[in-house]
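>>> give the three-dimensional model of this entry:
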Amino acid sequence: MINKKFAFGYVLVSALTLRYFLTTQQIISQIRFLGRWEPFWHSNLCIGGNCKLAAAQCFTNYKCAQTIGCIQRCLLDNIDSEEKTAACAYICEMTYGYENQPFKDMINCMLDNKCLLEYPEDGPCKGSNADAITSVKTMEDIEGDWWVLRGINCGESPYPGGYDWYPCQHERFIKAAEGHWINNVTYCGGRHDKCTTDIIVTIANVSMPAPGVVNHKYTDAPLDPQEEDWRLVSMPHPDYALMLWCGRLPVLNYAGGIVISRHRDDSSMPKEVVQEFREVMSKHGIDWDKTCPSNNNHCPE
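Have a look, this model is predicted:
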């Protein structure tokens with residue numbers, strides 16, 4: 001049963017603390033939030049009533065408190081565009097909250113007690129395993145380094161998150177010493193080749209359950225489990241491939257697609273490869289000209 005005094009005290013302390021770290025516009029948004037049961041009152045009363053220990057440990061841990069403050073600012077900055085909140089919060093989690101145990105404990109408690117509400121869907125999932133090419137049968141066939149040159153989830157409806165436009169996206173399909181395969185992924189927050197964070201590292205265990213399908217299970221996801229299926233739908237050249245991907249978090253369905261290459265930019269991409277990608281995208285209802293390009297020449301290895 002919820003301890004109402006503790007819950008109200010938690011909300012009060014949270015509001016008083018955050019006001020020292022908010023802009024005037026964010027304070028106005030905070031006042032607007034006070035009139036909404038979801039997400040403000042639902043989440044805060046739920047945390048105050050069910051996650052007392054986790055909340056106390058989080059707010060006394062600098063990194064955890066910093067992460068929660070960052071996520072709160074995401075909510076306030078996107079009060080009129082809720083579909084963008086999840087992507088903003090993700091960057092908070094992968095920077096300030098990365099591998100922070102008090103934050104993980106807080107999130108797990110929120111998930112267990114349904115304090116964390118479902119985010120709006122980020123993009124329709126395009127394609128299925130049946131659309132994957134059959135010429136790629138094992139992880140060895142795509143082993144090594146790949147750079148993201150173009151993306152589908154660019155930050156505009158129906159893909160508001162912008163996950164495919166993160167700068168410096170570098171995929172490394174590597175066979176670990178233990179015998180399993182991983183994707184060592186690096187990127188930074190931002191868009192249009194401009195980083196707004198330091199380089200972020202994340203690791204996924206990968207496998208190929210069907211030809212051309214690369215399943216990702218992330219080992220360091222703040223919201224766990226995080227799983228994605230990347231489907232190779234075109235590979236007209238050994239150095240270029242088109243992958244459509246669909247992902248799931250406990251509170252979010254999200255999707256996109258990427259053109260990956262052994263090269264850092266698309267200056268040497270053959271015209272026939274571009275034409276092939278255009279045609280394949282068109283079959284899935286995607287316009288090549290609306291994809292977001294990336295140039296990785298400025299990125300670290």
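>>> the spatially closest residue to residue 166 that is not a sequence neighbour and residue 215, how far apart?
Counting by C-beta to C-beta, 6 or more residues apart in numbering, residue 166 lies nearest to residue 187, which is 4.4 Å off, once chain neighbours are set aside. Using the backbone N, CA and C atoms, a C-beta is placed for each residue, glycine as well. Per C-beta to C-beta, to the nearest Å, residue 187 is found 20 Å from residue 215.
>>> strands along the protein, start to end?
144-151, 170-175, 181-187, 190-191, 194-195, 200-210, 213-218, 227-237, 240-249, 252-261, 292-293 (DSSP state E).
>>> pLDDT on the fourth one, on average?
Think strand 190-191. The pLDDT scores in strand 190-191 average 96.
>>> now swap in the third one and tell me
The predicted model gives strand 181-187 an average pLDDT of 98.
>>> what's next to it, contact-wise?
Strand 181-187 is contacted from outside by 139, 166-176, 199-207, 214, 216, 300, using C-beta atoms under 8 Å, 6 or more residues apart in numbering.
>>> tell me the angle that strand makes with strand 213-218.
Relative orientation of strand 181-187 versus strand 213-218 (axes from the mean of the first three to the mean of the last three C-alpha atoms, to 10 degrees): 70 degrees.
>>> neighbouring strands of strand 181-187 in the sheet, and parallel or not?
Paired with strand 181-187 in the same sheet, following DSSP bridges, are strand 170-175 (antiparallel), strand 200-210 (antiparallel).
>>> which of those sits closest to residue 267?
Closest approach to residue 267 among the strands paired with strand 181-187 is made by strand 170-175 (17.7 Å; C-beta to C-beta).
>>> convert the C-alpha atoms of that closest one to PDB, please.
Provided in PDB are the C-alpha atoms of strand 170-175 (Å, rounded to 0.1, in the frame of the first residue of the first chain):
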ATOM      1  CA  HIS A 170      30.400   2.700 -36.300                       C
ATOM      2  CA  GLU A 171      29.400  -1.000 -36.200                       C
ATOM      3  CA  ARG A 172      32.000  -3.700 -35.500                       C
ATOM      4  CA  PHE A 173      30.900  -7.300 -35.900                       C
ATOM      5  CA  ILE A 174      33.500  -9.200 -34.000                       C
ATOM      6  CA  LYS A 175      33.900 -12.800 -32.800                       C
END
